[in-house]
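> Sequence and predicted structure below; questions after.
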Amino acid sequence: MNDDLFIDLGNSRIKWMSGTGHIQQAAEYGEAPLGALLDRIWKHQPSPDRIWLASVATAGIEQALQEWTRQVWGITPHSIAVQPEACGVHCGYQDPAQLGVDRWMAIIAAHGISRDGVCVVDCGTATTLDVVDGRGQHLGGYILPGLKMMRRVLLKETAMQPGNEAISDMEWGNSTVGCIDLGIRRSIVSLVEQSVERLQAAGVCDPGVVLTGGACTLIKPYLQLAYEHRDALVLEGMETFVREYTR
Ligand SMILES: Nc1ncnc2c1ncn2[C@@H]1O[C@H](COP(=O)(O)OP(=O)(O)OP(=O)(O)O)[C@@H](O)[C@H]1O
Ligand SMILES: CC(C)(CO)[C@@H](O)C(=O)NCCC(=O)O
Ligand SMILES: [K+]
């Protein structure tokens with residue numbers, strides 16, 4: 001059995017799933033060179049047989065990762081690309097090469113979780129929402145600033161001084177921080193709920209909702225719909241994709 005290492009290289013974090021134990025881990029990469037982080041997390045790991053990479057990071061970051069695995073393990077990762085069709089899903093983009101491969105892997109995993117239609121929401125550095133119908137047709141989706149990014153930009157472009165009042169039992173914001181945090185959270189919640197309602201009303205499908213990404217914990221308490229939370233959705237999709245691809 002091959003020892004596969006799956007790597008989801010996002011815009012803020014690197015997430016991976018390794019070995020046959022399928023342990024998922026994450027590390028934030030910042031200003032420090034990626035090589036130093038990889039030394040810390042992987043240097044003492046035995047070399048995997050194969051490495052699969054889904055990257056939406058800059059070419060420089062991706063290159064640093066490739067150089068590290070070549071130097072330390074002597075392996076070049078297989079970079080996964082978006083295809084017009086994979087694992088029973090048809091990509092809805094006119095130009096599939098434009099679609100982020102993290103979204104594509106999340107879409108593939110989510111389609112496997114909810115076959116009758118799915119609305120998949122990834123609350124990462126950016127927030128993305130994608131819809132797949134019951135026939136496996138990806139209808140498309142949305143890209144928004146991530147929840148943290150929304151807050152950061154709002155504070156940067158105004159002179160607001162939010163306090164630190166608790167927002168847990170507020171229905172409507174009644175402090176600066178309450179208005180900001182609830183506004184951001186509820187904007188995403190409303191988008192998800194409204195997307196589901198539109199699909200139902202148009203008779204397209206009655207989609208399941210699948211959430212992933214570090215900031216999805218911020219919207220979960222406000223969602224009135226049933227949902228499934230999968231931390232490792234992108235990695236799960238990679239595993240499904242690679243299983244089909246190498247069959
Ligand atoms: N538990 C958390 N609560 C609130 N915010 C979080 C949490 N974990 C991460 N975040 C923040 O939410 C944003 C996105 O979360 P996360 O770190 O999961 O990104 P990501 O999905 O790994 O993104 P990317 O794939 O782009 O790297 C980041 O700005 C991060 O700082
Ligand atoms: C939208 C992000 C940043 C989410 O990680 C990523 O999927 C990406 O860079 N996508 C490329 C643009 C697109 O999906 O249309
Ligand atoms: K992501």
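Now that the structure is in, tell me what you want to look at. As the structure is a computational prediction, the values presented were derived from the model and not from experiment. Numbers count the residues shown, from 1 in each chain. Ligands and ions are numbered 1, 2, ... in the order given.
> going forward, measure contacts and count neighbours with C-alpha atoms only.
OK.
> and Glu31, that's in a helix?
No. Going by DSSP: H, G, I helix; E, B strand; the rest coil, the assignment for Glu31 is coil, not a helix.
> Could you report the pLDDT at it?
Looking at Glu31, its pLDDT is 76.
> Ok, Gly19 next?
For Gly19, pLDDT reads 65.
> same thing with Lys220?
97.
> Could you tell me how far it is located from Pro77?
35 Å (CA to CA, to the nearest Å).
> does the residue nearest the centre of the chain count as helix, strand or coil?
Residue closest to the average C-alpha location in the chain (CA atoms, centre = their mean): Asp122, at 4.3 Å. Put simply, Asp122 is strand when judged by three-state DSSP.
> Show the contacting residues for it.
Counting by CA atoms under 8 Å, 6 or more residues apart in numbering, Asp122 touches Arg103, Thr128, Leu129, Leu211, Thr212, Gly213, Cys216.
> His138 now?
Taking CA under 8 Å, 6+ apart, one finds Val89, His90, Cys91, Gly92, Asp130, Val131, Val132 in contact with His138.
> Pull out the C-alpha coordinates of the helix or strand hosting it and format them as PDB.
Secondary structure from DSSP states H and E places His138 in strand 138-145. Taking C-alpha atoms only, strand 138-145 is exported to PDB below (Å, rounded to 0.1, in the frame of the first residue of the first chain):
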ATOM      1  CA  HIS A 138     -21.600  22.300 -10.300                       C
ATOM      2  CA  LEU A 139     -23.800  25.300 -10.800                       C
ATOM      3  CA  GLY A 140     -21.100  27.800  -9.700                       C
ATOM      4  CA  GLY A 141     -20.800  29.900  -6.600                       C
ATOM      5  CA  TYR A 142     -19.400  33.000  -4.900                       C
ATOM      6  CA  ILE A 143     -16.200  34.300  -3.500                       C
ATOM      7  CA  LEU A 144     -16.200  36.800  -0.600                       C
ATOM      8  CA  PRO A 145     -13.500  38.200   1.700                       C
END
